[in-house]
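S.K.: Next come a sequence and a model predicted from it.
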Amino acid sequence: MHPFAIAGAAAGKLAHYALSGVVGGLIIKNAPAAAPAARKALVSGLAGGIVASRWLASAAEEARLKAGDMLAEARTTLGEEVPPPSAVTVNHDDHGHEH
């Protein structure tokens, strides 16, 4: 995945949660009589934000997979062997601690 896509997704989530928190705080602080309705609206807004962030994560994963497919096709066009996506070299002897 492109680093700008990761940074953009993180910044979008941060901005959404910050804005929701500020607006929710102002609503609850300035309108105590309307607190139940404001709380319900805030919870609904946050739920919508969660759904949107899940959709964005799904779209980003789909884009990553499509980019990987195109990269593999380009390597095949050049006559290179394309490793499978799960090909990871793991050294089982050195796993970070002593026995």
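M.R.: Good, I have the coordinates. Numbers count the residues shown, from 1 in each chain.
S.K.: Give the closest residue to Glu81 in space, chain neighbours not counted.
M.R.: Arg75 (7.8 Å; C-beta to C-beta, 6 or more residues apart in numbering). Glycine gets a C-beta too; all of them are placed from N, C-alpha and C.
S.K.: What separation is there between that neighbour and Pro83?
M.R.: Distance, Arg75 to Pro83, using C-beta to C-beta, to the nearest Å: 9 Å.
S.K.: neighbour-wise, which of the two wins?
M.R.: A count of neighbours by other C-beta atoms under 10 Å puts Arg75 above the other of Arg75 and Pro83, at 13 against 10.
S.K.: So which elements touch the one helix or strand that one maps to?
M.R.: Using DSSP states H and E, Arg75 maps to helix 35-77. Judged by 3 or more C-beta pairs under 8 Å, 6 or more residues apart in numbering; DSSP states H and E, the packing partners of helix 35-77 are helix 3-30.
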